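>>> Following is a predicted model, sequence given first.
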Amino acid sequence: MATYSAWQATIQNEFGDILPGAEITVVNESTGLPATIYSGRTGGALTNPFFADVNGFAQFYAEPSEYRITAIDGGSGFTNTWRYVEIGALLSVDDVNARIDQVEARITGKNYLINANLNTTIINQRGFGGGQPAAGVYGYDRWKGDALGTRIEQVVENSEVINETFTISWVGGTGTADVDGVTGLNSGDSFTLNTSTNFSVIVPTDATYIQLETGSVATPFEYVSAGDNLAACQRYYEKSYNPDVYAGEVGTAGSEMYTSSSSSQRMAYRFATLKRAQPSMRIFSPSTGQINRADGGASGVVEVQPSQIGLSGSGMQSGAVFAVGESVTFQWDADAEL
């Protein structure tokens, strides 16, 4: 009598909510056709697709092979797909080592992407209104419009990976992804990366919970605290506010303002985090859209180059003229080359 191996899981959405009655579809990866599945270890017909029980529990039995398993919750529209799930096959030494690598990656921080939630917790220092950013223009932190202006792109910095297997996954999203020249990737697809420099990750604009990780299996999305996400983003771009700058008085937001005349100030600014490169500085007034240049030049945005990278920067030695009581915003931008 034939015996079959089991797959079982409690179906949950990205927030951990259990999804009773979710529809489960099983496809054989080698053929792309619906798989023959069973209700018990020794057989028994089970329809494909089938449904999770009232507790969200789903289970089926199948012959040894690799399967694609998709869970869909009709009420919320949530979808999740597991690719190349091995059922009944003995793992080789290489497979075991790959699983160990995946566990270690989950412990140390597995996602290569920054600000990848793009749903419930989004770092948005620029105040981006959502939608498709123009080609090369940043919207949400670390994400810019791709070269065609149809998807969003993040450049992963200085990563050396030699013929290593990666998997990309996301929730929702209309269309496919490209990673370092590998095109047409669906959520859950695996591929090989071989690079010793920056590489590009392009995903659908409406994708959320985007994850790029080592290994051949898409694992649950790695949640990063808002504080850690912000710190990672501020390595490339930092925006801070000095809401009340008055001539002759000390400002706020970590910027020490002092006056060299009745209407101009100089400052020493303390960065929130270490920058990846020498940043440029832009200063503007939300109330007027511009400020006057202290050197007598035309009105408009003043560009100031700080003298050092790190936790403190200086360089506004020419000063900048502010109206008494004028609100001023400082932006430090270092991600143009990425």
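Okay, I see it. Note that the structure is a prediction, hence the values are computed from the model and not measured.
>>> After the longest strand that the chain contains, which helix or strand is next?
Longest strand in the chain, counting residues (DSSP state E): strand 161-172. Using DSSP states H and E, the next helix or strand after strand 161-172 towards the C-terminus is strand 177-179.
>>> Packing partners of the longest strand of the chain?
If you count contacts as 3 or more C-beta pairs under 8 Å, 6 or more residues apart in numbering; DSSP states H and E, strand 161-172 packs onto strand 79-87, strand 177-179, strand 190-195, strand 199-203, strand 207-214. Where you see a C-beta, it was placed from the backbone N, CA and C, and this is true even at glycine.
>>> what would those strands look like in JSON lines with mean neighbour count, distance to residue 272 and mean pLDDT?
Listed next are those as JSON lines, based on neighbours: other C-beta atoms under 10 Å; distance: least, C-beta to C-beta, whole Å; pLDDT from 0 to 100:
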{"stretch": "strand 79-87", "mean neighbour count": "18", "distance to residue 272": "36", "mean pLDDT": "90"}
{"stretch": "strand 177-179", "mean neighbour count": "20", "distance to residue 272": "30", "mean pLDDT": "97"}
{"stretch": "strand 190-195", "mean neighbour count": "15", "distance to residue 272": "30", "mean pLDDT": "92"}
{"stretch": "strand 199-203", "mean neighbour count": "22", "distance to residue 272": "25", "mean pLDDT": "96"}
{"stretch": "strand 207-214", "mean neighbour count": "22", "distance to residue 272": "24", "mean pLDDT": "94"}
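>>> And residue 213, how close does it get to residue 204?
Going from residue 213 to residue 204 by C-beta to C-beta, to the nearest Å gives 18 Å.
>>> whoops, residue 55 was the one
33 Å.
>>> what sits opposite the residue nearest to residue 178 when sequence neighbours are not counted in the beta ladder?
Leaving aside its chain neighbours, residue 178 sits nearest to residue 202 (4.4 Å; criterion: C-beta to C-beta, 6 or more residues apart in numbering). Legend: beta-bridge partners of residue 202 under DSSP bridges are residue 153, residue 178.
>>> Check which residues of stretch 67-83 are buried.
The neighbour-count check on stretch 67-83 (16 or more other C-beta atoms under 10 Å) flags 67-73, 78, 80-83 as buried.
>>> Could I get the helices and strands packed on strand 161-172 in CSV, plus columns for distance to residue 155?
Putting the helices and strands packed on strand 161-172 into CSV (distance: least, C-beta to C-beta, whole Å) gives the following:
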stretch, distance to residue 155
strand 79-87, 25
strand 177-179, 11
strand 190-195, 12
strand 199-203, 6
strand 207-214, 12
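>>> Correct me if wrong: the residue nearest to residue 178 contacts residue 155.
No. Here residue 202 does not reach residue 155: they are 9.9 Å apart, not a contact under C-beta atoms under 8 Å.
>>> Look up the residues that both of those two are in contact with.
Contact criterion C-beta atoms under 8 Å, 6 or more residues apart in numbering; no residue bridges residue 202 and residue 155 by contacting each.
>>> To residue 138, which of the helices and strands packed on strand 161-172 lies closest?
Of all the helices and strands packed on strand 161-172, strand 199-203 sits nearest to residue 138, with 14.3 Å by C-beta to C-beta.
>>> Dihedrals phi and psi, the closest residue to residue 138 other than its chain neighbours?
Distance criterion C-beta to C-beta, 6+ apart; nearest residue to residue 138, sequence neighbours excluded, is residue 144 at 4.5 Å. Phi and psi for residue 144, reported as degrees, to the nearest 10, are phi -130, psi 160.
>>> Just to check, residue 144 is in contact with residue 128?
No. The pair residue 144 / residue 128 is not scored as a contact, 10.4 Å apart, by C-beta under 8 Å.
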